[in-house]
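Colleague: have a look; sequence and predicted model below, questions after that.
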Amino acid sequence: MTAVIEPTTTTVRAACPHDCPDTCAMLVTVEDGKAVRVQGDPEHPYTRGGLCVKVNNYLDRVYDPGRVLFPLRRTGPKGSGKFERITWEAAIQEIVTKFRAAADEFGPESIMPVSYLGTQGILNGLNVGDPFFAKLGATVSERTYCDAGSCTAYAMTIGDTAGVDPESLVHSKFILVWACNIMSTNLHLWPYIAEARKRGAKVVVVDPVRTRTAAAADQHIALRPGTDGALALAMANVIISEGLTDADYVENFTVGYPEFADRVEQYTPEWAETETGVPAETIRTLAREYAGAQPSVIRIGVAVERHAGGGQAVRALSCLPGLVGAWRKPGGGILQLPLWAFPVNWGAFMHPEMLTPGTRVVNQYRLGAALAGDLPDGPPIKAIMVYNSNPVVVCPDQDRLIAGLQREDLFTVVSEQFMTDTADYADIVLPATTQLEQDDIMFSWGHLFVTYNHQSIAPIGEAVPNTEMFRRLAAAMGFDDPVFRRTDQEMIAEAFDWSHPHMEGITVESLKEKGWQRLNVASPDEYSPHAEGNFPTASGKVEFVASAAAGGNFVVPLFRQGSNDHQPGQPVDALPHYIPPREAAHTNPELAARFPLNLLTPKSHAYINSSFGSQAFHRQAQKEPNVIIHPDDAAARGIADGAPVRIFNERGEFVVLAKIDDSVLPGVVVSSMGGWRKHSKAGQTLASVNPTEFADLGNAPTFSDTLVEVESA
Ligand SMILES: Nc1nc2c(c(=O)[nH]1)N[C@H]1C(S)=C(S)[C@@H](COP(=O)(O)OP(=O)(O)OC[C@H]3O[C@@H](n4cnc5c(=O)[nH]c(N)nc54)[C@H](O)[C@@H]3O)O[C@H]1N2
Ligand SMILES: Nc1nc2c(c(=O)[nH]1)N[C@H]1C(S)=C(S)[C@@H](COP(=O)(O)OP(=O)(O)OC[C@H]3O[C@@H](n4cnc5c(=O)[nH]c(N)nc54)[C@H](O)[C@@H]3O)O[C@H]1N2
Ligand code: SF4
Ligand SMILES: [Mo]
């Protein structure tokens, strides 16, 4: 007789790994080694038991038949998607052989890592490969896809402060949502805004598009893309000229006010109307209401940085709360990334000291150019290793990037959960675990909770966490520094500076048990760290005249693989100023004569960047990629609703369906990013038309600074 084995059911505390500000606490139900349910943790104060349309059915991702489960070697032409299964030993051996050959013949800088934020776990995320590539001497990868310009500008003005606790927003009297589509990209913030509104707050959204978020607000201000700086500076002009400043706050807790007041005199509402298309009277009213209703808060999204003057636009916005004394009370100030409150021990993961000084730096945003041999200096790129990223979809210059990936002399390794458009071009594909199959520990860039992710199931197939992949690679390369032998638990022990005051009462053990804990900071009802200045700037004050501007267009820590240094650049004007978009009808009429429409490529509601772009449920929820075009622009081009259209400029083209809708301004078209090339109508996605120019600060991308023409396909 066989014994009856009772099924074992356990609930495991986990954390959503995705590149999203909300970092939801999850509960995973496991039965006999199989995860059978993933839900939000109802006890979590911020995420309140809800996940989102992307992650509600996370098990479909974990158990998707399309998962990469074994190491693969290419058998067909590059891009054909033909592979054979090989062993881990064979895969690692081939990578080591090819990396060594490239290093011997061309030098180690001929090898380049390409990685971003497929997971944002401290172990498996941004920095997981940094020590390995530093030791190898590979080209340093600069990773400025997201918020690098914004962070530079923000830090220049008020320092690397968390600023506002998102949970304090219930106390705000005036909420200005600037270039952020909260309903899609930061869902769990909305209940706080809704609560503030119940208590009488006004919510205003500044966005060229009437998004879900704009539609839900009290007022929508539709400005021309890339003119945010003009609107923000004109607000400062009104606040100063009408005497609406908090003179006492300005006097005590800011520096450079007289110079700033001088500077913004030229930025009148009438001038801003010609730049932004927003009526001068609307700008005046906005400034008066923003200054008058205290505490007021500005929630900025990443799209503010995404044009030629994006950095200065964030500079201007970061000055406004100081001008009106919004920092005095909980719920007042500017909310960018509260990530700054987490004492992450970045050094233990980046290991900047392992870099050889002077190693070549290449920005991933220009990967297409780099693979084509257009490099600042040094040898050609002969090998790349992609992990946590899908550059074919998220990087501009798609056609050139594909040409590069097709080079017979390029050796490409891709570590993935899925056969993405990038993995199709790999020579070797390595299988990566999902969050349920690994341990990790998480910061957040949308709230103030640390979250622990327990592994809940065994890895599927031969998938391994990124940490394990780099341990195997390092061992095979003969790298024997202790850093390459750390276990995941040893890394978790190093994840934070546990002695930092914000970590008081938080230990690895307590986190493992509770799953999440709020940083040891003031409660949301009392969180106002800058009520009396105390900004982490050189002066300790809001710097209208930024002392850090002397350091120039630097790239802040986090954004350069392995490096913890501010990278000095050309000094920049220390006062906020307006830099118009490069590609706009009013700034570049010659280009606009040929390509008159401004293309925006924001986030898709049902994907996280390109993640989930291959899953049936998500593709159905997101529907076929489209472009939203104003009825007047459609009529002028004889475009019918639902018909395929070709969107093009000198850089490239793509084909999607037209959606005629007045939620966009005339002259603006919108196509959400994240759809995959292999599912596209004509073999390209919107990344084909995006520019490779940087914004003014932090080498930020300029996705919103794109002119195109649209015609029936
Ligand atoms: N559903 C979903 N959620 C996500 C993501 C996702 O892919 N899907 N991605 C995550 C990531 S990595 C990030 S960085 C965040 C980003 O989240 P958000 O900060 O919300 O960024 P976007 O969706 O790119 O753009 C937000 C809004 O900016 C507007 N916009 C574009 N250009 C301009 C401009 O020049 N000026 C102004 N004022 N507005 C402009 C767009 O119309 C859009 O509505 O979302 C995260 N959350
Ligand atoms: N046109 C346009 N382009 C954009 C943007 C835009 O608004 N418009 N936004 C930019 C922004 S804000 C961002 S943040 C970037 C995002 O760029 P990426 O970070 O590259 O984002 P994803 O496209 O989601 O690709 C992440 C990949 O990592 C894989 N992955 C997930 N977890 C793991 C893991 O544990 N191990 C390994 N090895 N792989 C894993 C996923 O399957 C996925 O294919 O895109 C940028 N590109
Ligand atoms: S993607 Fe964002 S909102 Fe959705 S579950 Fe993950 S952290 Fe939460
Ligand atoms: Mo991002």
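Modeller: Alright, I've got the coordinates. Ligands and ions are numbered 1, 2, ... in the order given.

Colleague: tell me the pLDDT of residue 595.
Modeller: As predicted, residue 595 sits at a pLDDT of 98.

Colleague: that one is in contact with residue 707, isn't it?
Modeller: Yes. Here residue 595 reaches residue 707: they are 4.0 Å apart, a contact under Cβ atoms under 8 Å. Yep, even glycine has a C-beta here, placed from its N, CA and C like the rest.

Colleague: which residues do those two both contact?
Modeller: 583, 649 (Cβ atoms under 8 Å, 6 or more residues apart in numbering).

Colleague: not counting sequence-adjacent ones, nearest residue to residue 684?
Modeller: residue 654 (4.3 Å; Cβ to Cβ, 6 or more residues apart in numbering).

Colleague: how is the chain partitioned into domains?
Modeller: Listed domain ranges for the chain are 9-62, 72-139+359-518, 148-340+527-559, 589-712 (source: automatic domain parsing).

Colleague: just the residues of the stretch 551-700 of the chain that are near ligand 1, which are they?
Modeller: Applying Cβ under 6 Å from any ligand atom, one finds that the stretch 551-700 of the chain approaches ligand 1 through 600, 602-605, 607-609, 674.

Colleague: got a list of what the closest residue to residue 462 other than its chain neighbours touches?
Modeller: The shortest distance from residue 462 to any non-neighbouring residue, by Cβ to Cβ, 6+ apart, is to residue 70 (5.1 Å). Contact analysis of residue 70 by Cβ under 8 Å, 6+ apart lists 85-86, 431, 461-462.

Colleague: burial of residue 681, as a residue count?
Modeller: 17 (other Cβ atoms under 10 Å).

Colleague: same check on the one 10 residues further on?
Modeller: Neighbours of residue 691 under the rule other Cβ under 10 Å: 22.

Colleague: tell me if stretch 119-135 is near ligand 2.
Modeller: Yes. On the criterion Cβ under 6 Å from any ligand atom, stretch 119-135 is in touch with ligand 2 at 119, 124.

Colleague: if you rank the contacts of residue 70 by neighbours, which is first?
Modeller: residue 431 (22 neighbours).

Colleague: that one should be in a strand, yeah?
Modeller: Yes. Per DSSP: H, G, I helix; E, B strand; the rest coil, residue 431 lies within a strand segment.

Colleague: where do the helices sit along the stretch 51-200 of the chain?
Modeller: For the stretch 51-200 of the chain, applying DSSP state H, counting those that start in this stretch gives helices covering 58-62, 88-106, 130-136, 148-158, 182-185, 190-198.

Colleague: so which of those helices is nearest residue 240?
Modeller: For the helices of the stretch 51-200 of the chain, the distance to residue 240 is smallest for helix 148-158, at 16.5 Å, taking Cβ to Cβ.

Colleague: which other helices and strands contact that closest one?
Modeller: Other helices and strands packing on helix 148-158, by 3 or more Cβ pairs under 8 Å, 6 or more residues apart in numbering; DSSP states H and E, are helix 310-324, strand 542-543.

Colleague: contacts for the shortest one?
Modeller: Put plainly, it is strand 542-543. Residues contacting strand 542-543 (Cβ under 8 Å, 6+ apart): 156-158, 253-256, 318-319, 321-322, 327, 533, 535, 537.

Colleague: could I have the buried ones of those as ChimeraX selection syntax?
Modeller: ChimeraX command restricting the contacts of strand 542-543 to the buried ones, with burial defined by 16 or more other Cβ atoms under 10 Å:
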select :156,157,158,253,254,255,256,318,319,321,322,327,533,535,537
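
Colleague: now the helices of the stretch 51-200 of the chain in JSON lines, with distance to residue 302 and mean pLDDT?
Modeller: Listed next are those as JSON lines, based on distance: least, Cβ to Cβ, whole Å; pLDDT from 0 to 100:
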{"stretch": "helix 58-62", "distance to residue 302": "24", "mean pLDDT": "98"}
{"stretch": "helix 88-106", "distance to residue 302": "34", "mean pLDDT": "98"}
{"stretch": "helix 130-136", "distance to residue 302": "23", "mean pLDDT": "97"}
{"stretch": "helix 148-158", "distance to residue 302": "6", "mean pLDDT": "96"}
{"stretch": "helix 182-185", "distance to residue 302": "9", "mean pLDDT": "98"}
{"stretch": "helix 190-198", "distance to residue 302": "18", "mean pLDDT": "98"}
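
Colleague: excluding chain neighbours, what is closest to the residue nearest in space to the middle of the chain?
Modeller: Among the residues of the chain, the one closest to the centroid is residue 146, at 3.8 Å (Cα atoms, centre = their mean). Closest residue to residue 146 apart from its sequence neighbours, by Cβ to Cβ, 6+ apart: residue 302 at 5.8 Å.

Colleague: how many neighbours does the one you found have?
Modeller: By other Cβ under 10 Å, the residues close to residue 302 number 24.

Colleague: quick one: it from ligand 1, how far?
Modeller: 4 Å (Cβ to the nearest ligand atom, to the nearest Å).

Colleague: for residue 21, same thing?
Modeller: From residue 21 to ligand 1 the distance is 6 Å (Cβ to the nearest ligand atom).

Colleague: that residue - that's part of a helix, no?
Modeller: No. Going by three-state DSSP, the assignment for residue 21 is coil, not a helix.

Colleague: quick check, it in contact with residue 187.
Modeller: No. Counting by Cβ under 8 Å, residue 21 does not reach residue 187; the two are 9.3 Å apart.

Colleague: which residues are common contacts for the two?
Modeller: With Cβ under 8 Å, 6+ apart, residue 21 and residue 187 have no common neighbours.

Colleague: about what we covered before: list the residues that contact the residue nearest to residue 146.
Modeller: Residue 302 neighbours (Cβ under 8 Å, 6+ apart): 146-147, 150, 179-180.

Colleague: what is the burial count for the nearest residue to residue 588 once chain neighbours are set aside?
Modeller: Distances taken as Cβ to Cβ, 6+ apart place residue 582 nearest to residue 588, at 6.5 Å, with adjacent residues excluded. Residues lying near residue 582 (other Cβ under 10 Å) number 19.
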